[in-house]
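Participant: Sequence and predicted structure below; questions after.
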Amino acid sequence: MTAANGDREARGASPGGPDWDVIVVGAGFTGLGAAHELGRAGLRCLVLEADDHVGGLAGTFTVGGRQLERFYHHWFASDTDIFRLCAALGRADLVQRHHGRTGFYYAGGIHRLSTPLDVLRFAPLPPADRLRLGRSVLRAGRVRHWRELEALTAEEWLVGLGGRRVYDRVWRPLLEGKFGPYAPEVGATWMWTKLHLRGGSRSRSGREVLHYLRGGCGALLDAWLPRLAGLGVRVRTGSPVAEVLTGPAGVYGVRCGHEVISAPRVLVTCAPGPAATLLAGSAHPAAPALRRRLAAIPYLANLCLVLENDRPLSDTYWLNVTDPHFPYVGVIEHTNLDAPEHYGGRHLVYLSTYLPADAPLYRMSDAEVFRYSLPHLRRMFPAFRAEWVRAHHVWRAPYAQPVITRHYSRTVPAVENAVPGLYLAGMAQVFPEDRGTNYALRGGQRAGRLIADRIRTAERRAGRAAAAHASHRTGADHD
């Protein structure tokens, strides 16, 4: 018996059969959520991750002895999928409730926007427009279904809610900072999702309530990976998939480096562009049309500069930046949500921007990004000095934000498609929700359950066919 056959038999596979029932490409929350469901269904599942860590955009690094996400994270009250996962893993204690202070940086000043009273005091708008801003947020919350808005751009909808001046001073800079040249194309559904989430995560006093995990996503992953292993799920990091292998009948495995790993079903959880690349050599007749559809979805990259400071910049957690000359769209002071004592006394700040992956800032070295950012920080926070920074980190994600346009429901890829055995689940498919770990998890779980159901259905059909064939043969023998 060969070593390969021995390995297959050790996993319960027949020597001549496929290596795995399902291969999952990507070990972010979508991939891990799918693998969890597949493992629970008793299926042999392999997860292949290109990076040297799991978690995707929720991957972590260490600061002051505690794990911190490379890209900022928090959860709203509606993010119940994450909370249920923590409880299922016996770690409901990880979920902690916080009040989040938010604000706007506009015309050289910081303005609080955490409560309804803050809106009434918002100096960049005249009093009548402050009322329009507050009323527009309330009116947005009364929209019960995103389909009511799918034919509108965000600009059309927001101008209709609060007027042109409110749009130009509050919403337009945020959309342009987030989506750059795509801002005029962004659909109203994307903005509705944002307002809907924030409106549903407030206390009775109107203060925004956010949740964070004690120990961050790293603590959750530390509890999750052993559970997956116990379900028979194998996770391999440092294993970039180069190609999903297909023939005229559909999927039969993947190519990972020089290795071919066989499976009749593959779930791809990366962004649509890279997913299209994985199908470049596909022999299935439906693959070219699918590749064109996937490649047509625009994406933006994200760059996060994380500062470890010896003192705080401000008392604001989330600062939206509406200054077009400031290179970041958000200044997120994480330790105004989770205490600096948890990170060895360091005050942690994310400077976040969304931009094309070929933008000059994205292509700078880490040291260049840091030096470039310092004068901008001094302009926003005049007391700030470079000596406050004890360490800095730069993290990049080439596929961070899908551009949600009008009628996006016509564009979003389905989990199933015309290539048998190929499944797709990723951030571009959580619509009408926006990207986030909660919806990544939910999408992965749904995809895992769907695949398990398809396998069970196929097995039942095969069993009925075999029984019918045996019955027919028995009858023929009696004749």
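Facilitator: It's in.

Participant: can you give me the helices in the stretch 51-200 of the chain?
Facilitator: 80-88, 116-120, 127-141, 154-162, 164-166, 172-179, 188-199 (DSSP state H, counting those that start in this stretch).

Participant: show me the contacts for Leu213.
Facilitator: Taking C-beta atoms under 8 Å, 6 or more residues apart in numbering, we find Leu213 in contact with 75, 86, 94-96, 219-220. Quick note: C-beta positions are derived from backbone N, CA and C, even for glycine.

Participant: Pick out the most distant pair among these.
Facilitator: Trp75 and Ala219 (13.6 Å; C-beta to C-beta).

Participant: more neighbours, the two?
Facilitator: Trp75 (22 against 18; other C-beta atoms under 10 Å).

Participant: For beta bridges, what are the partners of that one?
Facilitator: When assigned by DSSP bridges, Trp75 has beta-bridge partners His211.

Participant: What separation do you get for it and Gly141?
Facilitator: 19 Å (C-beta to C-beta, to the nearest Å).

Participant: related to what we said a few turns ago, the contacts of Leu213 in strands, which ones?
Facilitator: Here DSSP state E is the test, and those give 95-96 as lying in strands.

Participant: who wins for neighbours among the contacts of Leu213?
Facilitator: Result: Leu220 is most packed of the contacts of Leu213 (other C-beta under 10 Å), 26 neighbours.

Participant: Tell me the confidence at it?
Facilitator: Each residue has a pLDDT score; the one for Leu220 is 97.

Participant: Run through the strands of the stretch 351-479 of the chain in chain order.
Facilitator: Secondary structure of the stretch 351-479 of the chain by DSSP state E, counting those that start in this stretch: the strands cover 389-402, 422-424.

Participant: Who are the packing partners of the last one?
Facilitator: Spelled out, that is strand 422-424. Packing partners of strand 422-424 (3 or more C-beta pairs under 8 Å, 6 or more residues apart in numbering; DSSP states H and E): strand 266-268, helix 437-478.

Participant: Pipe the contacts of Leu213 into a markdown table and attach distance to Ile23 per row.
Facilitator: Listed next are the contacts of Leu213 as a markdown table, based on distance: C-beta to C-beta, whole Å:
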| residue | distance to Ile23 |
| --- | --- |
| Trp75 | 30 |
| Cys86 | 27 |
| Leu94 | 30 |
| Val95 | 32 |
| Gln96 | 36 |
| Ala219 | 28 |
| Leu220 | 24 |
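
Participant: Tell me the one of the contacts of Leu213 nearest Pro375?
Facilitator: Trp75 (33.9 Å).

Participant: That closest one reaches Tyr212, doesn't it?
Facilitator: Yes. Using C-beta atoms under 8 Å, Trp75 is in contact with Tyr212, at 7.0 Å.

Participant: and for the two, which residues touch both?
Facilitator: Counting by C-beta under 8 Å, 6+ apart, nothing touches both Trp75 and Tyr212.

Participant: sorry, back to before: present the helices and strands packed on strand 422-424 as JSON lines; the columns should include mean neighbour count, distance to Ala151 and mean pLDDT.
Facilitator: Shown next, in JSON lines, are these (neighbours: other C-beta atoms under 10 Å; distance: least, C-beta to C-beta, whole Å; pLDDT from 0 to 100):
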{"stretch": "strand 266-268", "mean neighbour count": "29", "distance to Ala151": "30", "mean pLDDT": "98"}
{"stretch": "helix 437-478", "mean neighbour count": "15", "distance to Ala151": "23", "mean pLDDT": "85"}
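
Participant: And those: which comes nearest Ala34?
Facilitator: helix 437-478 (3.6 Å).

Participant: Isn't Ala271 up against Tyr299?
Facilitator: Yes. Contact criterion C-beta under 8 Å: Ala271 and Tyr299 qualify, at 5.6 Å.

Participant: Overlap of the contact sets of those two?
Facilitator: Common neighbours of Ala271 and Tyr299 (C-beta under 8 Å, 6+ apart) are 399, 402, 428.

Participant: pLDDT below threshold where in the chain?
Facilitator: 1-16, 197-206, 472-479 (pLDDT under 70).

Participant: Mind doing that once more with 50?
Facilitator: Within the chain, the ranges that satisfy pLDDT under 50 run 1-14, 203.

Participant: so which of the helices and strands packed on strand 422-424 comes closest to Asp366?
Facilitator: helix 437-478 (25.1 Å).

Participant: Which neighbouring elements make contact with that closest one?
Facilitator: helix 29-40, helix 80-88, strand 266-268, strand 422-424.

Participant: how about 6 Å then?
Facilitator: Using 3 or more C-beta pairs under 6 Å, 6 or more residues apart in numbering; DSSP states H and E as the contact test, the elements touching helix 437-478 are helix 29-40, helix 80-88.

Participant: okay, the ones you listed, which one's buried deepest?
Facilitator: helix 29-40 (a mean of 27; mean count of other C-beta atoms under 10 Å).

Participant: helix or strand right after that helix?
Facilitator: Downstream of helix 29-40, the next assigned helix or strand under DSSP states H and E is strand 45-48.

Participant: got the CA positions of that following strand in PDB?
Facilitator: Provided in PDB are the C-alpha atoms of strand 45-48 (Å, rounded to 0.1, in the frame of the first residue of the first chain):
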ATOM      1  CA  CYS A  45     -13.000  18.700   4.800                       C
ATOM      2  CA  LEU A  46      -9.600  20.300   4.000                       C
ATOM      3  CA  VAL A  47      -9.100  24.100   4.400                       C
ATOM      4  CA  LEU A  48      -6.200  25.600   2.400                       C
END
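
Participant: which residues are in contact with that strand?
Facilitator: Outside strand 45-48, the residues that touch it by C-beta atoms under 6 Å, 6 or more residues apart in numbering are 20, 22-25, 27, 31, 35, 38-39, 233-236, 239, 241, 256.

Participant: Compare the helices and strands packed on strand 422-424 and give me the one nearest Leu228.
Facilitator: That would be helix 437-478 among these, by C-beta to C-beta, at 11.5 Å.

Participant: Report the distance from that closest one to the chain centre.
Facilitator: Distance of helix 437-478 from its chain centroid, counting by C-alpha atoms, centre = their mean, to the nearest Å, is 31 Å.

Participant: next one: stretch 68-78 to chain centre, how far?
Facilitator: That offset, for stretch 68-78, works out to 10 Å (C-alpha atoms, centre = their mean).

Participant: mind listing what's buried in it?
Facilitator: 68-77 (16 or more other C-beta atoms under 10 Å).

Participant: re the thing from before, export the helices and strands packed on helix 437-478 to JSON lines and tack on distance to Gly108?
Facilitator: Shown next, in JSON lines, are those (distance: least, C-beta to C-beta, whole Å):
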{"stretch": "helix 29-40", "distance to Gly108": "39"}
{"stretch": "helix 80-88", "distance to Gly108": "38"}
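
Participant: among those helices, which is nearest Ala286?
Facilitator: Across the helices and strands packed on helix 437-478, Ala286 has its closest neighbour in helix 29-40 (22.1 Å, C-beta to C-beta).

Participant: Beta-bridge partners for the residue lying closest to Leu174 once chain neighbours are set aside, please?
Facilitator: Spatially, and ignoring its direct neighbours in sequence, Leu174 is nearest to Asn320 (5.9 Å; C-beta to C-beta, 6 or more residues apart in numbering). Counting by DSSP bridges, Asn320 forms beta bridges with Phe104, Gly330.
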